[in-house]
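Enquirer: sequence-free structure coming up:
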């Protein structure tokens, strides 16, 4: 539909998604597809017709449905969950198809048979929050259904939803959620694997400048615990949404879909370190285990490992033998290097030229202090890779060579560090050494298959070699382990994979969730809109891309595609020319001259 004839209307939007879809497909692809088709034909379609709804679209593991009545939308959702529960009766856990449902009432834009806008986006965000088997509503929906059904509603308070200007008050339909300990978790894993989230440890030092240290230690605790394969550990980004907030652990447990929560605090003073930690049953709020560590600061590594083993033993019932290369005691010089690497990491991930240079200097200082620090080498290499990809230097060939040398040295120093492995894998991808990159990503997953970032990096590899649908499956697995990713990193990668798979509507919806200040996001969106036939929006995004790159002083003479192609090969690391051609054709359609 032409942009000038875009219509708007008020609608109740129901967004539904299958929990653990990728896992179900891995277990039995043909059986899962057959079951989904049967559920749609025998349950979904009849119920939607009965409640006067309209299916907007079906997206593999999910569906978007429009209703003219909020009451009809809610009663249909509850009936759908009850019917799905009945259909699952008697099936083993790894064969059950369980839905999450979110419902919002709001203004939507109509283009052909499709719907867009915040009215749709909020419903999708609520679906992501919902419990398996649950139905979550926005305040606007509750206002229209209260007193008109026999249902009860639980107030979950205001929630900050990604890319929404303000918080949204969320409600759960009581009795519609089926999750209990012993059922499939929100992350799609089986009940035999207890699930756990580590909330950001509170910085008690009285100096906000020390937050990076508390955050870094929290991340390392998450890494240590996730090495125990008997536990499902929620990724850092999802846990860190609670940073600086007064958290109700039971509510956090529901939102993250976990059985247990770890919280604590860190205080440093001179060479002394105090860490307090407690393990809480997320269902009851009761303390299961607590410990306080008063040690010399050089004992931080020993504390992390001791804490991880104590928690794993308490939660998992047994601790599997874990081979660790980390020394349990380090001298003060090594601790100083550790501190510098944490500072470098915080700067490197801000994606700016100045911060990138500062991060490199800090990582180099860490190497001077502790030449055995693999992460320090890795971050020096990472900063060289970033300046190559972002065109921040004239001699890009030297940057890539430096990235390779420092990355290789990091792997030689510690071939069991997940971050070191996948960062070197990225460098190999840029160099076009796809088989070697594949080996690095697989090593990272072998060290810890629970690590959502390593899972995403393997998905990136698959996308680069043209396996776009397989890449999407890996990103979905990562998403289950990282349900609230504020960085948008997973969304960026998933959006690019959707583009490669020619699933433009999903690419547009996903890439529009990304918050990262990376100009290429506008470029991917321009190509996606163009291939979807939405030329006006494609041109707007193309202008945004050119404006952002010029701000970073990457100028394309005459704004021509031939000049852009060389630039883009630093941002897209495709193996096959056909994938580049697909991207460049989209940019050409968006208005880029040859």
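Expert: Perfect, I can see it now. Being a predicted model, the structure only gives us computed values, none of them experimental. Numbering: from 1, shown residues only.

Enquirer: so where's the stretch 101-250 of the chain shaky on pLDDT?
Expert: 162-165, 175-194, 227-231, 236-237 (pLDDT under 70).

Enquirer: can you give me the helices for it?
Expert: Applying DSSP state H, counting those that start in this stretch to the stretch 101-250 of the chain gives helices spanning 118-129, 139-145, 211-226, 236-239, 249-256.

Enquirer: tabulate these (a markdown table), appending distance to residue 588.
Expert: C-betas here are computed from N, CA, C, even on glycine. Supplementary listing: those in a markdown table, determined by distance: least, CB to CB, whole Å:
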| stretch | distance to residue 588 |
| --- | --- |
| helix 118-129 | 29 |
| helix 139-145 | 42 |
| helix 211-226 | 42 |
| helix 236-239 | 35 |
| helix 249-256 | 43 |
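
Enquirer: nearest to residue 438, of those helices?
Expert: Nearest to residue 438 among the helices of the stretch 101-250 of the chain is helix 211-226 (22.4 Å), distances taken as CB to CB.

Enquirer: so which elements touch the closest one?
Expert: strand 195-198, strand 202-203, strand 232-233, helix 236-239, strand 260-269, helix 300-316, helix 332-348 (3 or more CB pairs under 8 Å, 6 or more residues apart in numbering; DSSP states H and E).

Enquirer: now with 6 Å?
Expert: helix 300-316, helix 332-348 (3 or more CB pairs under 6 Å, 6 or more residues apart in numbering; DSSP states H and E).

Enquirer: what's the offset of that helix from the middle of its chain?
Expert: Chain-centre distance of helix 211-226: 18 Å, with CA atoms, centre = their mean, to the nearest Å.

Enquirer: angle of that helix against helix 332-348?
Expert: 100 degrees (axes from the mean of the first three to the mean of the last three CA atoms, to 10 degrees).

Enquirer: OK, contacts around residue 125?
Expert: residue 161 (CB atoms under 6 Å, 6 or more residues apart in numbering).

Enquirer: measure it to residue 298 for me?
Expert: 44 Å (CB to CB, to the nearest Å).

Enquirer: quick one on the thing from earlier: least confident of the helices and strands packed on helix 211-226, on average?
Expert: If those are sorted by mean pLDDT, helix 300-316 sits at the bottom with a mean of 64.

Enquirer: tell me the secondary structure for residue 509?
Expert: helix (DSSP: H, G, I helix; E, B strand; the rest coil).

Enquirer: name the nearest residue to residue 140, sequence neighbours excluded.
Expert: residue 105 (4.3 Å; CB to CB, 6 or more residues apart in numbering).

Enquirer: who's the one you found bridged to?
Expert: residue 12 (DSSP bridges).

Enquirer: that one contacts residue 142, doesn't it?
Expert: No. Using CB atoms under 6 Å, residue 105 is not in contact with residue 142; the gap is 9.2 Å.

Enquirer: of those two, who's got more company?
Expert: residue 105 (26 against 19; other CB atoms under 10 Å).

Enquirer: any idea how far residue 576 is from the more buried one?
Expert: 45 Å.

Enquirer: isn't residue 539 up against residue 591?
Expert: Yes. Residue 539 is within contact range of residue 591, at 4.9 Å (criterion: CB under 6 Å).

Enquirer: mutual contacts of those two, please.
Expert: Contacts common to residue 539 and residue 591, judged by CB under 6 Å, 6+ apart, are absent.

Enquirer: ranges for the strands of the stretch 51-200 of the chain?
Expert: For the stretch 51-200 of the chain, strands defined by DSSP state E, counting those that start in this stretch occupy the ranges 53-58, 62-67, 99-111, 114-116, 135-138, 153-159, 168-173, 195-198.

Enquirer: got these as a markdown table, with distance to residue 524 columns?
Expert: Listed next are the strands of the stretch 51-200 of the chain as a markdown table, based on distance: least, CB to CB, whole Å:
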| stretch | distance to residue 524 |
| --- | --- |
| strand 53-58 | 21 |
| strand 62-67 | 22 |
| strand 99-111 | 20 |
| strand 114-116 | 18 |
| strand 135-138 | 29 |
| strand 153-159 | 28 |
| strand 168-173 | 27 |
| strand 195-198 | 31 |
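
Enquirer: ranking those by burial, who's on top?
Expert: Neighbour counts (mean count of other CB atoms under 10 Å) averaged over each of these peak at strand 135-138, with a mean of 30.

Enquirer: who's in contact with that strand?
Expert: By CB under 6 Å, 6+ apart, strand 135-138 touches 77, 101-104, 122, 126, 129-130, 168, 170-173, 176.

Enquirer: helix or strand for residue 278, which one?
Expert: strand 272-281 (DSSP states H and E).

Enquirer: pull up the pairing partners for that strand, direction included.
Expert: Here, using DSSP bridges, strand 272-281 pairs with strand 260-269 (antiparallel), strand 287-296 (antiparallel).

Enquirer: winner for burial among those?
Expert: strand 260-269 (a mean of 21).

Enquirer: what's in contact with it?
Expert: Strand 260-269 is contacted from outside by 196-199, 201-202, 204-205, 214, 217, 249, 252-253, 274-277, 279-280, 282, 315, using CB under 6 Å, 6+ apart.
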